[in-house]
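*Asks:* sharing a model prediction with you, sequence too.
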Amino acid sequence: MPLELLVLLGVLAVLSIFLTIIIRNDFRTSAGAFDPWAMIEGLVSLFLVLVMVAAATLQIIVRYFDIAAFDLHWTEELGRLALVWAAFWGAACLQRLDDHIRMTALYDYIPDKGKAVFRILGDVTTLAVLVLIVWFGWQTARNLDIMMTIALGVPLSVFAYPVPIAGALMMIYTAITLVRRLSGREPAPARPEIATEV
């Protein structure tokens, strides 16, 4: 792996930690307690976005100004890798908050008891689908361990591991949500101010 890439990732990691601690202040639960996992999610999310922005910016600068002294051929691959990880990481974060996009055209007209059953069936279906996604995603990633990426020189499986890792996180979050629903504790909305809008 190129030295400049390692330096860039180190600088972005430090910047992510600094910005997460200084700027973000939404790591409290609805009860007001500190939520360390929300802080970790925010930190990883910010790091992945910064990697994408830095990779794209370096590509633009080197290509636009035709700086031949810098061999940053790995920036495009790094940007794609960060995008893949960010997409799956974001899906897992939304699953924890039970905040994925939903179609509620029919759901809104179902009685409250029917809504609870409908949501429980949705969670069970989600778990069943995620089991398949994690299983086949893991198999695919393991099969790609033997090939290397061209520019970064890391196993090609780094592009495939987000599927089983994020899928496993989503399974855990869905199971927690399902247990809450079965015990009569519907998860609190991620953004209560939006949930109360008419």
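*Replies:* Good, I have the coordinates.

*Asks:* when you work out contacts or count neighbours from here on, use the C-alpha atoms and nothing else.
*Replies:* OK.

*Asks:* any low-confidence regions in this structure?
*Replies:* Filtered on pLDDT under 70, the chain yields the residue ranges 24-33, 67-70, 187-198.

*Asks:* burial measure for Trp85, as a count.
*Replies:* 23 (other CA atoms under 10 Å).

*Asks:* kindly report the same for Ala168.
*Replies:* Using other CA under 10 Å, Ala168 has 19 neighbouring residues.

*Asks:* that one: what's its closest spatial neighbour, skipping adjacent residues?
*Replies:* Val134 (6.3 Å; CA to CA, 6 or more residues apart in numbering).

*Asks:* now for the helix or strand hosting that neighbour, which elements pack on it?
*Replies:* If you go by DSSP states H and E, Val134 is part of helix 112-143. Counting contacts by 3 or more CA pairs under 8 Å, 6 or more residues apart in numbering; DSSP states H and E, helix 112-143 is packed against helix 162-182.

*Asks:* buried stuff in the helix it packs on?
*Replies:* 162-175, 177-178, 181 (16 or more other CA atoms under 10 Å).

*Asks:* which elements pack onto that helix?
*Replies:* In terms of contacts (3+ CA pairs under 8 Å, 6+ apart), helix 162-182 is packed against helix 75-96, helix 112-143.

*Asks:* may I have the first one exported as PDB, CA atoms only?
*Replies:* Pointing back at helix 75-96 there. Taking Å, rounded to 0.1, in the frame of the first residue of the first chain, the C-alpha atoms of helix 75-96 are listed here in PDB:
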ATOM      1  CA  THR A  75      -7.500   7.500  -5.600                       C
ATOM      2  CA  GLU A  76     -10.300   6.200  -7.900                       C
ATOM      3  CA  GLU A  77     -10.200   2.800  -6.300                       C
ATOM      4  CA  LEU A  78     -10.100   4.300  -2.800                       C
ATOM      5  CA  GLY A  79     -13.100   6.500  -3.500                       C
ATOM      6  CA  ARG A  80     -15.200   3.500  -4.800                       C
ATOM      7  CA  LEU A  81     -14.100   1.400  -1.800                       C
ATOM      8  CA  ALA A  82     -15.200   4.100   0.600                       C
ATOM      9  CA  LEU A  83     -18.500   4.500  -1.300                       C
ATOM     10  CA  VAL A  84     -19.300   0.800  -1.000                       C
ATOM     11  CA  TRP A  85     -18.500   0.700   2.700                       C
ATOM     12  CA  ALA A  86     -20.400   3.900   3.400                       C
ATOM     13  CA  ALA A  87     -23.500   2.600   1.600                       C
ATOM     14  CA  PHE A  88     -23.700  -0.600   3.600                       C
ATOM     15  CA  TRP A  89     -22.600   1.100   6.900                       C
ATOM     16  CA  GLY A  90     -25.400   3.700   6.400                       C
ATOM     17  CA  ALA A  91     -27.900   0.900   5.800                       C
ATOM     18  CA  ALA A  92     -26.900  -0.700   9.100                       C
ATOM     19  CA  CYS A  93     -27.100   2.600  11.000                       C
ATOM     20  CA  LEU A  94     -30.600   3.200   9.600                       C
ATOM     21  CA  GLN A  95     -31.600  -0.300  10.600                       C
ATOM     22  CA  ARG A  96     -30.600   0.300  14.200                       C
END
